[in-house]
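Enquirer: here's my sequence, what's the structure:
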Amino acid sequence: MASRMTSASIVSLVLFSTLAQPSFAGGLDRSGYNIDLLFDQSRFSAQSAVIYVMPQRELKNVRDTDPSIRPGGGNLNNRSHSADDTENYAVPYIGFKAGYEDVDCLFDYSEPFGAHTNPGINWAGANNNIETKIKTHNYATTCSYKFDVGPGQLRLIGGAFYQEVEGFKERLVSTVPIAFGTGTGVGRLDLEDNAWGWRTGIAYEIPEYAMRASLVYNSRVKYDSLSGTVDLTQVRAPVAPLNAAPYGAVTNVFGEAEAPDSLELKLQSGIAPDWLAFGSVKWTNWSVLQSISLCPTYTKGRACTATSGTQLTSLDLLYQDGWTITGGIGHKFNEQWTGAVSLTWDRGTSHGYGSQTDSWTVGVGAAYNPTDNIEWRLAGALGVLTSGSSGVLVENGVPYGTDVSYDFGNDLVAAVSTSIKVKF
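Expert: Presented below is the predicted three-dimensional model:
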(Lines give C-alpha, C1' and ligand atoms only; values in the text may rest on other atoms or scores of the structure.)
Protein backbone atom coordinates (compact mmCIF):
# COMPACT_ATOMS: atom_id res chain seq x y z
CA MET A 1 0.00 0.00 0.00
CA ALA A 2 1.18 3.54 -0.74
CA SER A 3 0.61 4.73 2.83
CA ARG A 4 2.58 1.88 4.44
CA MET A 5 5.91 2.85 6.02
CA THR A 6 8.49 0.50 7.50
CA SER A 7 9.25 1.12 11.16
CA ALA A 8 12.87 1.89 10.28
CA SER A 9 11.87 4.83 8.10
CA ILE A 10 9.72 6.53 10.74
CA VAL A 11 11.45 5.63 14.00
CA SER A 12 12.52 9.25 14.64
CA LEU A 13 9.01 10.52 13.87
CA VAL A 14 7.07 8.30 16.25
CA LEU A 15 8.01 10.22 19.40
CA PHE A 16 8.96 13.56 17.88
CA SER A 17 5.91 15.45 19.16
CA THR A 18 7.27 15.26 22.73
CA LEU A 19 9.25 18.49 22.35
CA ALA A 20 7.99 19.89 19.06
CA GLN A 21 5.73 22.38 20.84
CA PRO A 22 6.90 24.12 24.00
CA SER A 23 4.00 26.36 25.05
CA PHE A 24 2.73 28.79 27.65
CA ALA A 25 -0.43 27.22 29.04
CA GLY A 26 -2.96 28.55 31.52
CA GLY A 27 -3.32 27.96 35.23
CA LEU A 28 -0.08 26.91 36.88
CA ASP A 29 0.86 24.69 33.92
CA ARG A 30 4.56 24.50 33.14
CA SER A 31 5.15 21.20 31.35
CA GLY A 32 2.23 19.16 32.63
CA TYR A 33 2.66 15.40 32.73
CA ASN A 34 4.45 13.74 29.82
CA ILE A 35 4.93 9.96 29.46
CA ASP A 36 5.85 9.83 25.76
CA LEU A 37 9.20 8.21 26.56
CA LEU A 38 7.29 5.13 27.75
CA PHE A 39 6.45 4.38 24.09
CA ASP A 40 10.05 4.38 22.86
CA GLN A 41 10.65 1.15 20.94
CA SER A 42 14.14 0.58 22.37
CA ARG A 43 14.54 -1.76 25.30
CA PHE A 44 16.36 0.95 27.28
CA SER A 45 16.35 4.69 26.69
CA ALA A 46 17.23 7.78 28.69
CA GLN A 47 16.30 11.38 27.97
CA SER A 48 17.13 14.75 29.45
CA ALA A 49 15.47 17.95 28.30
CA VAL A 50 14.89 21.57 29.19
CA ILE A 51 12.34 24.12 27.97
CA TYR A 52 13.03 27.85 28.41
CA VAL A 53 9.94 30.05 28.16
CA MET A 54 9.92 33.85 27.76
CA PRO A 55 6.44 35.34 28.31
CA GLN A 56 6.06 39.11 27.94
CA ARG A 57 2.82 40.00 29.69
CA GLU A 58 2.55 43.76 30.31
CA LEU A 59 -0.17 45.18 32.56
CA LYS A 60 -1.61 48.58 31.60
CA ASN A 61 -4.05 51.17 32.96
CA VAL A 62 -3.44 49.90 36.48
CA ARG A 63 -5.58 51.49 39.18
CA ASP A 64 -5.45 50.99 42.94
CA THR A 65 -9.10 50.44 43.81
CA ASP A 66 -8.48 50.04 47.56
CA PRO A 67 -6.74 53.28 48.65
CA SER A 68 -7.42 52.76 52.38
CA ILE A 69 -4.36 53.52 54.48
CA ARG A 70 -4.47 50.41 56.65
CA PRO A 71 -4.40 47.49 55.97
CA GLY A 72 -5.20 47.88 52.27
CA GLY A 73 -1.75 49.13 51.30
CA GLY A 74 -2.57 52.82 51.09
CA ASN A 75 -3.29 54.89 48.02
CA LEU A 76 -0.84 53.72 45.34
CA ASN A 77 -2.27 55.63 42.40
CA ASN A 78 0.77 57.89 42.39
CA ARG A 79 2.90 54.90 41.33
CA SER A 80 3.38 53.46 37.85
CA HIS A 81 0.19 52.49 36.03
CA SER A 82 1.96 49.77 34.05
CA ALA A 83 4.12 46.79 34.96
CA ASP A 84 5.93 43.84 33.39
CA ASP A 85 4.17 40.97 35.11
CA THR A 86 5.92 37.79 34.00
CA GLU A 87 9.37 36.27 34.48
CA ASN A 88 11.24 33.92 32.16
CA TYR A 89 11.55 30.36 33.41
CA ALA A 90 13.17 27.01 32.61
CA VAL A 91 11.52 23.59 32.96
CA PRO A 92 13.80 20.52 33.20
CA TYR A 93 12.94 16.87 32.52
CA ILE A 94 14.85 13.64 33.13
CA GLY A 95 13.51 10.20 32.26
CA PHE A 96 14.66 6.59 31.99
CA LYS A 97 12.67 3.85 30.30
CA ALA A 98 13.28 0.10 30.58
CA GLY A 99 11.44 -2.72 28.86
CA TYR A 100 11.29 -6.47 29.29
CA GLU A 101 9.20 -8.55 26.89
CA ASP A 102 5.72 -6.94 27.00
CA VAL A 103 6.29 -4.73 30.07
CA ASP A 104 7.73 -1.18 29.90
CA CYS A 105 8.42 1.15 32.83
CA LEU A 106 9.29 4.84 32.88
CA PHE A 107 10.97 6.60 35.80
CA ASP A 108 11.08 10.37 35.46
CA TYR A 109 11.51 13.73 37.18
CA SER A 110 9.61 16.81 36.02
CA GLU A 111 8.29 20.16 37.22
CA PRO A 112 4.70 20.06 35.93
CA PHE A 113 3.27 23.13 37.68
CA GLY A 114 4.62 26.52 38.65
CA ALA A 115 4.34 30.28 38.34
CA HIS A 116 6.53 33.35 38.68
CA THR A 117 5.18 36.88 38.47
CA ASN A 118 7.31 39.82 39.55
CA PRO A 119 5.76 43.24 38.81
CA GLY A 120 7.70 44.75 41.72
CA ILE A 121 6.76 47.25 44.41
CA ASN A 122 6.71 50.43 42.33
CA TRP A 123 3.39 49.89 40.55
CA ALA A 124 -0.15 50.84 41.51
CA GLY A 125 -1.09 47.21 42.14
CA ALA A 126 1.60 46.41 44.72
CA ASN A 127 -1.16 45.91 47.32
CA ASN A 128 -2.18 42.85 45.26
CA ASN A 129 1.21 41.45 44.26
CA ILE A 130 4.89 42.34 44.41
CA GLU A 131 6.24 38.89 43.59
CA THR A 132 4.72 35.41 43.53
CA LYS A 133 6.62 32.20 42.85
CA ILE A 134 5.38 28.60 42.93
CA LYS A 135 7.39 25.50 42.04
CA THR A 136 6.70 21.77 41.99
CA HIS A 137 8.92 18.68 41.89
CA ASN A 138 7.39 15.48 40.52
CA TYR A 139 8.90 11.99 40.82
CA ALA A 140 6.96 9.35 38.87
CA THR A 141 6.93 5.68 37.97
CA THR A 142 4.69 4.65 35.08
CA CYS A 143 4.43 1.11 33.66
CA SER A 144 2.52 -0.52 30.87
CA TYR A 145 1.65 -4.00 29.66
CA LYS A 146 0.99 -4.59 25.97
CA PHE A 147 -0.54 -7.48 24.07
CA ASP A 148 -1.68 -8.22 20.52
CA VAL A 149 -5.14 -7.07 19.49
CA GLY A 150 -6.02 -7.16 15.79
CA PRO A 151 -3.27 -5.68 13.59
CA GLY A 152 -1.63 -3.84 16.49
CA GLN A 153 -1.02 -3.90 20.21
CA LEU A 154 -3.16 -2.71 23.10
CA ARG A 155 -1.28 -1.17 26.01
CA LEU A 156 -2.61 -0.83 29.57
CA ILE A 157 -0.95 1.99 31.54
CA GLY A 158 -0.73 2.72 35.26
CA GLY A 159 1.54 4.59 37.62
CA ALA A 160 2.04 6.76 40.67
CA PHE A 161 3.89 9.97 41.41
CA TYR A 162 5.13 11.86 44.44
CA GLN A 163 4.85 15.63 44.20
CA GLU A 164 6.31 18.48 46.25
CA VAL A 165 5.13 22.09 46.11
CA GLU A 166 6.72 25.22 47.51
CA GLY A 167 6.15 28.89 46.99
CA PHE A 168 5.86 32.41 48.33
CA LYS A 169 3.96 35.62 47.74
CA GLU A 170 4.85 39.18 48.73
CA ARG A 171 2.51 42.18 48.63
CA LEU A 172 2.28 45.64 50.13
CA VAL A 173 0.03 45.45 53.19
CA SER A 174 0.49 49.00 54.49
CA THR A 175 2.36 52.17 53.54
CA VAL A 176 2.43 53.36 57.16
CA PRO A 177 5.89 52.85 58.75
CA ILE A 178 6.16 50.81 61.95
CA ALA A 179 8.01 53.53 63.84
CA PHE A 180 10.55 56.23 63.09
CA GLY A 181 10.43 55.49 59.37
CA THR A 182 11.29 51.80 59.71
CA GLY A 183 9.49 48.86 58.16
CA THR A 184 8.72 48.30 54.48
CA GLY A 185 5.03 47.52 54.90
CA VAL A 186 5.54 44.34 52.86
CA GLY A 187 3.97 41.08 53.99
CA ARG A 188 5.24 37.68 52.88
CA LEU A 189 3.53 34.31 52.67
CA ASP A 190 5.56 31.07 52.45
CA LEU A 191 3.96 27.65 51.85
CA GLU A 192 4.98 24.05 51.21
CA ASP A 193 3.55 20.53 51.17
CA ASN A 194 3.91 17.13 49.49
CA ALA A 195 1.44 14.48 48.39
CA TRP A 196 0.86 11.49 46.10
CA GLY A 197 -1.02 11.09 42.84
CA TRP A 198 -1.69 8.35 40.33
CA ARG A 199 -2.36 7.84 36.63
CA THR A 200 -4.07 5.31 34.44
CA GLY A 201 -4.53 5.01 30.72
CA ILE A 202 -4.83 2.95 27.59
CA ALA A 203 -3.10 3.05 24.21
CA TYR A 204 -3.35 1.26 20.89
CA GLU A 205 -0.42 1.07 18.47
CA ILE A 206 0.26 -0.17 14.96
CA PRO A 207 4.03 0.39 14.66
CA GLU A 208 4.33 -0.25 10.92
CA TYR A 209 2.07 2.75 10.25
CA ALA A 210 3.50 4.84 13.12
CA MET A 211 -0.05 4.88 14.43
CA ARG A 212 -0.75 5.41 18.11
CA ALA A 213 -3.78 6.58 20.07
CA SER A 214 -3.50 7.07 23.83
CA LEU A 215 -5.84 8.29 26.54
CA VAL A 216 -4.27 9.02 29.94
CA TYR A 217 -5.86 10.30 33.13
CA ASN A 218 -3.75 11.95 35.87
CA SER A 219 -5.34 12.22 39.30
CA ARG A 220 -5.63 15.24 41.53
CA VAL A 221 -2.88 15.77 44.08
CA LYS A 222 -4.46 16.70 47.39
CA TYR A 223 -2.33 18.97 49.53
CA ASP A 224 -4.20 18.37 52.77
CA SER A 225 -1.32 19.56 54.96
CA LEU A 226 -0.40 22.81 53.26
CA SER A 227 1.59 24.78 55.83
CA GLY A 228 3.83 27.79 56.12
CA THR A 229 4.15 31.25 57.60
CA VAL A 230 2.79 34.76 57.18
CA ASP A 231 5.55 37.26 57.94
CA LEU A 232 4.17 40.68 58.94
CA THR A 233 7.22 41.84 60.88
CA GLN A 234 7.50 44.78 58.48
CA VAL A 235 3.85 45.80 58.84
CA ARG A 236 2.31 48.07 61.48
CA ALA A 237 -0.97 47.04 63.08
CA PRO A 238 -4.00 48.96 61.77
CA VAL A 239 -4.80 50.05 65.34
CA ALA A 240 -2.72 50.41 68.51
CA PRO A 241 -0.68 48.75 69.90
CA LEU A 242 1.80 49.07 67.05
CA ASN A 243 2.77 45.40 66.96
CA ALA A 244 -0.48 43.64 67.84
CA ALA A 245 -0.39 40.10 66.38
CA PRO A 246 -0.39 39.07 63.61
CA TYR A 247 1.18 42.43 62.73
CA GLY A 248 4.82 42.78 63.63
CA ALA A 249 5.10 38.99 63.94
CA VAL A 250 5.51 35.72 62.04
CA THR A 251 2.40 33.52 62.22
CA ASN A 252 2.27 29.82 61.35
CA VAL A 253 -0.60 29.06 58.98
CA PHE A 254 -2.26 26.04 57.40
CA GLY A 255 -4.67 25.32 54.56
CA GLU A 256 -5.70 22.89 51.84
CA ALA A 257 -5.32 22.92 48.08
CA GLU A 258 -5.33 20.54 45.12
CA ALA A 259 -3.24 20.24 42.00
CA PRO A 260 -5.74 19.51 39.20
CA ASP A 261 -6.55 16.21 37.55
CA SER A 262 -6.30 16.03 33.78
CA LEU A 263 -7.33 13.87 30.85
CA GLU A 264 -5.35 13.86 27.60
CA LEU A 265 -6.01 12.20 24.26
CA LYS A 266 -3.05 11.93 21.88
CA LEU A 267 -3.17 10.73 18.29
CA GLN A 268 -0.51 10.19 15.66
CA SER A 269 -0.32 8.31 12.37
CA GLY A 270 1.76 7.99 9.29
CA ILE A 271 -0.05 9.62 6.38
CA ALA A 272 2.49 9.02 3.60
CA PRO A 273 6.02 7.62 3.38
CA ASP A 274 8.14 9.56 5.90
CA TRP A 275 5.23 11.85 6.88
CA LEU A 276 3.49 11.85 10.26
CA ALA A 277 0.45 13.76 11.53
CA PHE A 278 -0.05 14.21 15.27
CA GLY A 279 -2.47 15.96 17.59
CA SER A 280 -3.75 16.09 21.13
CA VAL A 281 -6.64 17.36 23.23
CA LYS A 282 -6.13 17.93 26.95
CA TRP A 283 -8.60 18.94 29.64
CA THR A 284 -7.19 20.21 32.94
CA ASN A 285 -9.44 20.71 35.96
CA TRP A 286 -8.05 24.10 36.97
CA SER A 287 -11.39 25.08 38.50
CA VAL A 288 -10.39 23.14 41.65
CA LEU A 289 -8.15 26.15 42.41
CA GLN A 290 -10.37 29.02 43.50
CA SER A 291 -9.53 30.90 46.71
CA ILE A 292 -7.14 29.04 49.03
CA SER A 293 -7.87 30.13 52.61
CA LEU A 294 -4.97 30.18 55.06
CA CYS A 295 -5.56 30.35 58.82
CA PRO A 296 -3.35 30.50 61.95
CA THR A 297 -2.43 27.04 63.23
CA TYR A 298 -3.91 27.86 66.63
CA THR A 299 -7.35 27.85 64.95
CA LYS A 300 -7.06 24.23 63.76
CA GLY A 301 -10.25 22.32 64.43
CA ARG A 302 -12.35 25.25 63.26
CA ALA A 303 -13.47 25.98 59.70
CA CYS A 304 -10.90 27.80 57.58
CA THR A 305 -12.83 29.73 54.93
CA ALA A 306 -13.24 33.28 53.68
CA THR A 307 -16.34 33.69 55.84
CA SER A 308 -15.29 31.71 58.94
CA GLY A 309 -13.63 34.60 60.75
CA THR A 310 -10.39 32.61 61.15
CA GLN A 311 -8.82 33.34 57.75
CA LEU A 312 -5.61 35.36 57.98
CA THR A 313 -4.92 35.59 54.24
CA SER A 314 -5.66 33.74 51.02
CA LEU A 315 -4.31 32.89 47.59
CA ASP A 316 -6.99 33.98 45.14
CA LEU A 317 -6.70 32.21 41.77
CA LEU A 318 -10.34 31.75 40.67
CA TYR A 319 -9.44 29.60 37.67
CA GLN A 320 -11.78 28.04 35.14
CA ASP A 321 -11.02 24.69 33.48
CA GLY A 322 -8.31 24.64 30.84
CA TRP A 323 -8.44 23.12 27.35
CA THR A 324 -5.36 22.64 25.17
CA ILE A 325 -5.58 21.51 21.54
CA THR A 326 -2.50 20.81 19.40
CA GLY A 327 -2.10 19.63 15.80
CA GLY A 328 0.99 19.20 13.68
CA ILE A 329 2.91 17.51 10.87
CA GLY A 330 6.31 15.80 10.99
CA HIS A 331 8.59 14.77 8.10
CA LYS A 332 11.72 12.68 7.87
CA PHE A 333 14.14 14.30 5.40
CA ASN A 334 16.81 11.60 5.50
CA GLU A 335 18.28 9.00 7.84
CA GLN A 336 19.58 11.70 10.20
CA TRP A 337 17.21 14.69 10.06
CA THR A 338 13.53 15.02 10.97
CA GLY A 339 11.40 18.16 11.26
CA ALA A 340 7.97 19.10 12.57
CA VAL A 341 5.61 22.08 12.81
CA SER A 342 2.62 22.44 15.10
CA LEU A 343 -0.12 24.83 16.20
CA THR A 344 -1.50 24.97 19.76
CA TRP A 345 -4.54 26.75 21.20
CA ASP A 346 -4.86 26.99 24.97
CA ARG A 347 -8.02 28.33 26.62
CA GLY A 348 -7.14 30.85 29.29
CA THR A 349 -8.02 30.02 32.88
CA SER A 350 -8.79 33.63 33.85
CA HIS A 351 -12.32 34.94 33.30
CA GLY A 352 -12.38 38.48 34.61
CA TYR A 353 -9.78 38.16 37.37
CA GLY A 354 -6.12 37.68 36.43
CA SER A 355 -4.27 37.85 33.13
CA GLN A 356 -4.29 34.27 31.84
CA THR A 357 -6.32 34.58 28.64
CA ASP A 358 -6.30 32.37 25.54
CA SER A 359 -2.99 31.77 23.78
CA TRP A 360 -2.05 30.69 20.26
CA THR A 361 1.38 29.19 19.65
CA VAL A 362 3.27 27.98 16.56
CA GLY A 363 6.10 25.54 17.16
CA VAL A 364 8.86 24.23 14.90
CA GLY A 365 11.51 21.67 15.68
CA ALA A 366 14.20 19.39 14.33
CA ALA A 367 15.62 16.05 15.42
CA TYR A 368 19.14 14.91 14.53
CA ASN A 369 20.22 11.26 14.74
CA PRO A 370 24.01 11.03 14.27
CA THR A 371 23.79 7.31 15.14
CA ASP A 372 21.02 4.79 15.76
CA ASN A 373 21.54 5.23 19.52
CA ILE A 374 21.57 9.01 19.92
CA GLU A 375 18.89 11.59 19.14
CA TRP A 376 19.23 15.33 19.68
CA ARG A 377 16.22 17.65 19.41
CA LEU A 378 15.92 21.41 19.16
CA ALA A 379 12.58 23.20 19.03
CA GLY A 380 11.21 26.71 19.27
CA ALA A 381 7.84 28.37 19.57
CA LEU A 382 6.32 31.82 19.15
CA GLY A 383 2.87 32.70 20.35
CA VAL A 384 0.34 35.37 21.26
CA LEU A 385 -1.17 35.89 24.72
CA THR A 386 -4.53 37.48 23.96
CA SER A 387 -5.80 40.72 25.48
CA GLY A 388 -8.21 41.28 28.35
CA SER A 389 -8.74 42.95 31.70
CA SER A 390 -8.90 42.15 35.39
CA GLY A 391 -11.17 43.56 38.07
CA VAL A 392 -13.86 42.55 40.54
CA LEU A 393 -15.16 38.98 40.28
CA VAL A 394 -17.85 37.65 42.62
CA GLU A 395 -17.70 33.93 43.46
CA ASN A 396 -20.13 32.31 45.90
CA GLY A 397 -21.22 35.75 47.05
CA VAL A 398 -17.65 36.85 47.89
CA PRO A 399 -16.08 39.69 45.85
CA TYR A 400 -12.47 39.28 44.72
CA GLY A 401 -10.19 41.70 42.91
CA THR A 402 -11.37 44.71 44.90
CA ASP A 403 -7.80 45.95 45.42
CA VAL A 404 -6.63 46.56 41.85
CA SER A 405 -7.85 46.66 38.25
CA TYR A 406 -5.83 46.64 35.02
CA ASP A 407 -5.90 45.90 31.28
CA PHE A 408 -3.47 44.08 29.01
CA GLY A 409 -3.06 43.84 25.25
CA ASN A 410 -1.95 41.06 22.92
CA ASP A 411 1.49 40.06 24.17
CA LEU A 412 4.17 37.74 22.82
CA VAL A 413 5.52 34.52 24.29
CA ALA A 414 8.58 32.70 22.97
CA ALA A 415 10.15 29.41 23.95
CA VAL A 416 13.09 27.19 23.05
CA SER A 417 13.71 23.60 24.05
CA THR A 418 16.40 21.02 23.63
CA SER A 419 16.82 17.40 24.58
CA ILE A 420 19.12 14.47 24.09
CA LYS A 421 18.03 10.86 24.13
CA VAL A 422 20.24 7.79 24.30
CA LYS A 423 18.82 4.41 23.27
CA PHE A 424 20.43 1.04 23.89
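
Enquirer: low-scoring stretches of the chain, by residue?
Expert: 1-24, 70, 177-182, 238-243 (pLDDT under 70).

Enquirer: repeat that for 50
Expert: Regions of the chain meeting the criterion pLDDT under 50 cover residues 1-12, 14, 16-17, 19-20.

Enquirer: show me where it has its helices.
Expert: In the chain, the helices defined using DSSP state H lie at 7-10.

Enquirer: so what pairs up with the residue nearest to the spatial centre of it in the strands?
Expert: Centroid-nearest residue in the chain: residue 29, 1.4 Å away (criterion: Cα atoms, centre = their mean). With DSSP bridges as the criterion, residue 29 is bridged to residue 113.

Enquirer: that one reaches residue 115, doesn't it?
Expert: No: between residue 29 and residue 115 there is no contact under Cβ atoms under 8 Å: 9.3 Å. For glycine as for every other residue, the C-beta is placed from the backbone atoms N, C-alpha and C.

Enquirer: and the residue nearest to the centre of the chain, how close does it get to residue 110?
Expert: Using Cβ to Cβ, to the nearest Å, residue 29 is found at 12 Å from residue 110.

Enquirer: ok, now residue 344?
Expert: Taking Cβ to Cβ as the measure, residue 344 falls 19 Å from residue 110.

Enquirer: with residue 132 instead?
Expert: According to Cβ to Cβ, residue 132 and residue 110 sit 21 Å apart.

Enquirer: please identify which of those two sits among more neighbours.
Expert: Set residue 132 next to residue 110 and count neighbours by other Cβ atoms under 10 Å: residue 110 wins out with 24 against 20.

Enquirer: I'd assumed residue 37 was in contact with the more buried one.
Expert: No: applying Cβ under 8 Å as the test, residue 110 and residue 37 come out as separate, 10.9 Å apart.

Enquirer: any residues in contact with both of those two?
Expert: Common contacts of residue 110 and residue 37 (Cβ atoms under 8 Å, 6 or more residues apart in numbering): none found.

Enquirer: all strands of the stretch 201-350 of the chain, in order?
Expert: Secondary structure of the stretch 201-350 of the chain (DSSP state E, counting those that start in this stretch): strands located at 211-218, 221-231, 250-259, 262-272, 275-284, 291-296, 313-316, 322-332, 337-346.

Enquirer: of all those strands, which one is nearest residue 200?
Expert: Across the strands of the stretch 201-350 of the chain, residue 200 has its closest neighbour in strand 211-218 (5.6 Å, Cβ to Cβ).

Enquirer: tell me the angle that closest one makes with strand 262-272.
Expert: Strand 211-218 runs at 170 degrees relative to strand 262-272, counting by axes from the mean of the first three to the mean of the last three Cα atoms, to 10 degrees.

Enquirer: quick one: list the elements packing against strand 211-218.
Expert: The helices and strands touching strand 211-218, judged by 3 or more Cβ pairs under 8 Å, 6 or more residues apart in numbering; DSSP states H and E, are strand 152-172, strand 186-206, strand 262-272.

Enquirer: could you list the buried residues of that strand?
Expert: 211, 212, 214, 215, 216, 218 (16 or more other Cβ atoms under 10 Å).

Enquirer: dump those to CSV, plus distance to residue 198.
Expert: Formatted as CSV, these follow (distance: Cβ to Cβ, whole Å):
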residue, distance to residue 198
211, 27
212, 22
214, 17
215, 15
216, 11
218, 8
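
Enquirer: out of the residues you listed, what pair is the most spread apart?
Expert: 211 and 218 (23.6 Å).

Enquirer: will you turn the helices and strands packed on strand 211-218 into a markdown table that also has mean neighbour count?
Expert: Below are the helices and strands packed on strand 211-218 laid out as a markdown table (neighbours: other Cβ atoms under 10 Å):
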| stretch | mean neighbour count |
| --- | --- |
| strand 152-172 | 19 |
| strand 186-206 | 18 |
| strand 262-272 | 18 |
